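[1] Just the structure for this:
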Amino acid sequence: MANHPLKLGYKASAEQFGPRQLLDFAVQAEECGFDSVWVSDHFQPWRHTNGHAPFALSWLGAVGERTRRVLLGTSVLTPTFRYQPAIVAQAFGTLGELNPGRMILGVGSGESLNEIAVTGAEWPPAKERIARLREAVELIRRLWTEEFVTFEGTYCRTSNATIYDRPDEPIPIYIGAGGPVAARFAGRAGDGFICTSGKGIELYRDQLLPAVEEGAKAAHRDPATIERTIEVKVSFDTDRERALADTRIWAALALPAEDKVAIHDPREMEQKAASVAHQAHRRWLVSSDPEEHIEQIRPYIELGFTHLIFHAPGDDQSRFLQLYSKEILPRIRKRWG
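    The predicted structure follows:
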């Protein structure tokens with residue numbers, strides 16, 4: 001995995017903060033020494049009360065102008081339902097021109113929460129969602145490298161489509177995966193692979209990472225060229241009780257995947273999440289001690305993840321960024337960087 005230097009990123013929680021506040025946090029993340037800023041692309045948040053869902057693509061344009069160095073990515077955007085893949089290709093072509101060498105398109109197969117309100121469609125099974133994603137990634141890549149693209153897919157079509165403004169080097173595409181089928185696809189077709197922490201180390205060690213490797217080898221690619229990226233859910237504070245309490249707003253993440261797959265109303269999601277609020281902390285690495293926290297993070301680095309995106313749940317993100325840049329980032333870089 002030595003192909004990729006260790007990178008430490010910040011997750012901008014678009015479901016928790018409005019666009020202006022989130023923008024200020026992203027700028028602060030760069031000032032605090034983070035290597036990347038990633039934003040979720042939601043149409044609706046996980047909870048209706050005090051929820052937010054700023055438009056990720058216009059937000060990224062603003063962040064690009066306010067920052068100079070950090071990599072900027074989506075974790076993750078769904079290019080298959082409310083977006084037509086060609087529009088995603090055009091949007092990221094423009095973002096790539098504005099921010100040369102700094103953009104990453106992170107994609108996933110989608111959540112009903114974000115797609116049904118916009119399309120009114122029936123939510124398809126996982127097999128179809130992955131098939132749509134495969135098609136979208138192929139089309140986006142073609143639009144970034146060819147002109148007058150006529151594409152006849154099962155789910156999307158174009159007729160002589162050309163993206164006129166795009167960087168000379170195509171933007172890297174990172175593929176999000178929570179199971180082995182999508183992880184194999186990430187290995188076959190992705191420049192990077194994205195998953196989220198807190199689901200039991202066996203999932204990453206025994207299923208996801210081997211599937212990425214398998215997919216890469218099946219496509220005659222060197223698995224080491226694929227950047228292994230993980231969103232690490234961290235609640236770190238000098239006050240342990242505060243760190244625990246901060247996780248409750250993200251209770252929806254404690255719901256089993258099958259419990260939330262068909263929910264497309266934030267009010268229903270919020271209600272369902274209330275029943276597991278007392279378990280919310282289980283998805284997070286909660287600590288008030290820097291050395292203990294480094295030990296909590298260590299297994300992910302030892303598994304071969306080289307790009308860690310830290311997602312903190314608290315309302316005071318500014319406090320988190322300062323604390324993390326002082327206590328945690330230097331320790332990680334000293335030990336593994």
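[2] Least confident secondary structure element in the protein?
    For the chain, the helix or strand with the lowest mean confidence is helix 257-260, at a mean of 82 (criterion: mean pLDDT, DSSP states H and E).
[3] Report the backbone C-alpha coordinates of it in PDB.
    Included here for helix 257-260 are C-alpha records, laid out as PDB according to Å, rounded to 0.1, in the frame of the first residue of the first chain:
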ATOM      1  CA  ALA A 257     -28.700  -0.900   7.300                       C
ATOM      2  CA  GLU A 258     -31.800  -3.000   6.600                       C
ATOM      3  CA  ASP A 259     -33.800  -0.800   9.000                       C
ATOM      4  CA  LYS A 260     -33.100   2.400   7.100                       C
END
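[4] other SSEs contacting it?
    Where contact means 3 or more C-beta pairs under 8 Å, 6 or more residues apart in numbering; DSSP states H and E, helix 257-260 is packed against helix 266-274. All C-beta spots, glycine's among them, are computed from the backbone N, C-alpha and C.
[5] average pLDDT for the next helix-or-strand element following the helix it packs on?
    Scanning forward in sequence from helix 266-274 by DSSP states H and E, the next helix or strand is strand 285-287. Strand 285-287 comes out with an average pLDDT of 97.
[6] quick one: strands adjacent to strand 285-287?
    Based on DSSP bridges, the pairing partners of strand 285-287 within the sheet are strand 227-236 (parallel).
[7] and the most centrally placed residue in the chain, what does it touch?
    Central residue check for the chain by C-alpha atoms, centre = their mean: the C-alpha nearest the mean position is that of Ser75, 1.9 Å away. Ser75 makes contacts with 11, 38-40, 106, 174, 176, 194, 229, 231, 309, as judged by C-beta atoms under 8 Å, 6 or more residues apart in numbering.
[8] What about the closest residue to Leu303 other than its chain neighbours, how many residues nearby?
    Nearest-residue entry for Leu303: Tyr204, 5.6 Å, with adjacent residues in sequence omitted and distances by C-beta to C-beta, 6 or more residues apart in numbering. Tyr204 has 21 neighbouring residues, counting by other C-beta atoms under 10 Å.
[9] Check Cys156 too.
    By other C-beta under 10 Å, 17 other residues sit near Cys156.
[10] how near is it to Phe148?
    Going from Cys156 to Phe148 by C-beta to C-beta, to the nearest Å gives 16 Å.
[11] now swap in His4 and tell me
    His4 is 35 Å from Phe148, where distance means C-beta to C-beta.
[12] more neighbours, these two?
    His4 (17 against 9).
[13] got a list of contacts for the host helix or strand of Pro210?
    Taking DSSP H and E as the criterion, the element that holds Pro210 is helix 209-218. Outside of helix 209-218, the residues that reach it under the criterion C-beta under 8 Å, 6+ apart are 177, 180-181, 183-189, 193, 222-223, 225-226, 228, 303-304.
[14] Could you list which of these belong to strands?
    Assignment to strands by DSSP state E places the following of the contacts of helix 209-218 there: 193, 228.
[15] Report the buried members of the contacts of helix 209-218.
    177, 180, 183-189, 193, 223, 226, 228, 304 (16 or more other C-beta atoms under 10 Å).
[16] want to throw those residues into a markdown table with pLDDT?
    Below are the buried ones among the contacts of helix 209-218 laid out as a markdown table (pLDDT from 0 to 100):
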| residue | pLDDT |
| --- | --- |
| Ala177 | 97 |
| Pro180 | 98 |
| Ala183 | 98 |
| Arg184 | 98 |
| Phe185 | 98 |
| Ala186 | 98 |
| Gly187 | 98 |
| Arg188 | 98 |
| Ala189 | 98 |
| Phe193 | 98 |
| Pro223 | 97 |
| Ile226 | 98 |
| Arg228 | 98 |
| Gly304 | 97 |
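[17] just the strands in the stretch 1-150 of the chain please.
    Per DSSP state E, counting those that start in this stretch, the stretch 1-150 of the chain carries strands over the ranges 7-12, 36-39, 71-74, 103-107, 149-152.
[18] and the longest helix along the chain, C-alpha only, in CSV?
    Within the chain, and with DSSP state H defining each element, the longest helix by residue count is helix 126-145. Listed next in CSV are the C-alpha coordinates belonging to helix 126-145 (Å, rounded to 0.1, in the frame of the first residue of the first chain):
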residue,chain,number,x,y,z
ALA,A,126,-29.0,-3.3,-4.5
LYS,A,127,-28.2,-5.2,-7.6
GLU,A,128,-29.8,-2.6,-9.8
ARG,A,129,-28.3,0.3,-7.9
ILE,A,130,-24.8,-1.2,-8.5
ALA,A,131,-25.6,-1.8,-12.2
ARG,A,132,-26.6,1.9,-12.5
LEU,A,133,-23.4,3.0,-10.7
ARG,A,134,-21.2,0.9,-13.1
GLU,A,135,-22.9,2.5,-16.1
ALA,A,136,-22.6,6.0,-14.6
VAL,A,137,-18.8,5.6,-13.9
GLU,A,138,-18.2,4.3,-17.4
LEU,A,139,-20.1,7.2,-19.0
ILE,A,140,-18.4,9.9,-16.8
ARG,A,141,-15.0,8.6,-17.7
ARG,A,142,-15.8,8.6,-21.4
LEU,A,143,-17.1,12.1,-21.2
TRP,A,144,-13.8,13.2,-19.6
THR,A,145,-11.6,11.6,-22.2
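[19] Much appreciated, bye for now.
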